[in-house]
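# Any chance you can model this:
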Amino acid sequence: MVLTEAHIDSLDALGGHTLSHAGYNSEGKSPSERLVLLWSNSAWTEIPLPPDLQSNGGALLGQTLVGKREVFVLGICIPWHMSPGVPPQERVKPWAQHERFLHLLQPAISDAIKNSPLIIAGDFNRFIPRAWGPKAPYALLEETFANVRIVTSGLLTPLNLPTIDHVAASGPIAARSVRGLSRFETDGRPRSDHFGVLVDFEWIPPNPPPG
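Presented below is the predicted three-dimensional model:
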């Protein structure tokens, strides 16, 4: 499970294990706030990421087990288009911090996909396909994720809504189903300003040897 903009104890009721990353511009936040939070039934091994990447957005890479199989998860939170610079006193143009993070993320993804299977999930702060905003940052987003399969593009059933929270994958796994989860409690109160995304993955069996 990947959460963005959550508190470190958000998933304590599930037991299991968490990894967390405070993210960029963390000054002024409460001590429990995290930009990225990873959860698994199994223990995590954190894999170091470039400090420049982590200091310009939210990024956390970990290895865990699903059953007896090794899985790598890259949780990210891409800065929104009006994000301030780093440090926050730096004045930047709209989309500048978003693009800065993508430039740093691209080589990190190229390195991370050497681990297999890899799941990338989090807040991309962008609809896929593009619904609004300038074309240049979107082209950079496409270039950044060119070597992984984004499985959350378009409208997600049963909500029939697009999402800015996405899931991508590489390696021997495929999305069996993708759906949106209501952002409202059963009594109608909002749980979040984002709705949830649930992806069921299945293992792709290896090709049999020829002959």
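# sec struct for L104, please.
helix (DSSP: H, G, I helix; E, B strand; the rest coil).
# That one: neighbour count?
By other CB atoms under 10 Å, 19 other residues sit near L104. (Each C-beta comes from the backbone N, C-alpha and C, glycine too.)
# Is it correct that it is in contact with L53?
Yes - counting by CB atoms under 8 Å, L104 touches L53, with 4.4 Å between them.
# So which residue is dead centre in the protein?
G122 (2.1 Å; CA atoms, centre = their mean).
# Skip the chain neighbours and tell me the closest residue to that residue.
I76 (4.0 Å; CB to CB, 6 or more residues apart in numbering).
# Model confidence for the one you found, exactly?
You'll see I76 listed with a pLDDT of 98.
# Quick check: it is in a helix.
No - going by three-state DSSP, the assignment for I76 is strand, not a helix.
# Dig out what it forms beta bridges with.
A59, G122 (DSSP bridges).
# so how many other residues sit close to it?
28.
# Just list the residues touching it, thanks.
V36, G57, G58, A59, L60, L105, I120, A121, G122, D123, F124 (CB atoms under 8 Å, 6 or more residues apart in numbering).
# cool, and S40?
Neighbouring residues of S40 by CB under 8 Å, 6+ apart: M1, G16, H17, G62, T64, L65, V73.
# returning to what we had before: enumerate every residue touching the residue nearest to the centre of the chain.
V2, T4, V36, G58, G75, I76, C77, I78, D165, H166.
# First-to-last residue distance for stretch 76-87?
Stretch 76-87 has an end-to-end distance of 19 Å (criterion: CA to CA, to the nearest Å).
# so how far is that stretch from its chain's centroid?
How far stretch 76-87 lies from its chain's middle: 14 Å, per CA atoms, centre = their mean, to the nearest Å.
# What distance do you get for the residue nearest to V151 when sequence neighbours are not counted to W39?
Leaving aside its chain neighbours, V151 sits nearest to A175 (4.0 Å; criterion: CB to CB, 6+ apart). Separation of A175 from W39 (CB to CB, to the nearest Å): 20 Å.
# Ok, Q106 next?
Distance from Q106 to W39, by CB to CB: 26 Å.
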